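K.L.:
got a predicted structure here, sequence first:
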Amino acid sequence: MNELITFISNNLQITYILILATFVGIEVIKSIPAVLHTPLMSGANALSGVVIVGAILVMLHSDPQDYLALGLGFVAVVLGVLNVVGGFAVTDRMLEMFKKKK
């Protein structure tokens, strides 16, 4: 627990940016009509791919004894992969609706 408090106090600006980005993201998503959520989700797959690459780079450059960085990197990779797979599944399902039926 002391490592977490030390990490947050050493990276206070990054913590503020993360909190601000969370609130901005929530406000942006709330203002989008529900009809546009699926196309925007398919477009967000590229961003999730960037998150996965960034998390892998963080894990590669972290100290092997820094379990907080490794754990957060692993969680970011798992959540990013889930988001990419889910986004592609939803996009595929959406595109199936536009195909002509036999």
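P.N.:
That came through fine. Keep in mind that this is a model prediction, so the values were computed, not measured. Numbering: from 1, shown residues only.
K.L.:
ok, and the closest non-adjacent residue to residue 88?
P.N.:
Leaving aside its sequence neighbours, residue 88 sits nearest to residue 45 (C-beta to C-beta, 6 or more residues apart in numbering; 6.4 Å). The C-beta positions use only the backbone N, C-alpha and C, and glycine is treated the same way.
K.L.:
for residue 53, see how far away that neighbour is.
P.N.:
Per C-beta to C-beta, to the nearest Å, residue 45 is found 13 Å from residue 53.
K.L.:
the two: who's more crowded?
P.N.:
Per other C-beta atoms under 10 Å, whichever of residue 45 and residue 53 has more neighbours is residue 45, with 17 against 12.
K.L.:
tell me the first helix or strand C-terminal of the helix or strand bottoming out on mean pLDDT in the chain.
P.N.:
Every helix and strand in the chain was compared by mean pLDDT, DSSP states H and E; the lowest is helix 37-43, with a mean of 65. Where DSSP states H and E defines the elements, the next helix or strand beyond helix 37-43 is helix 45-61.
K.L.:
ok, residues contacting that following helix?
P.N.:
Here helix 45-61 makes contact (C-beta atoms under 8 Å, 6 or more residues apart in numbering) with 69-70, 72-74, 76-77, 79-81, 83-84, 87-88, 91.
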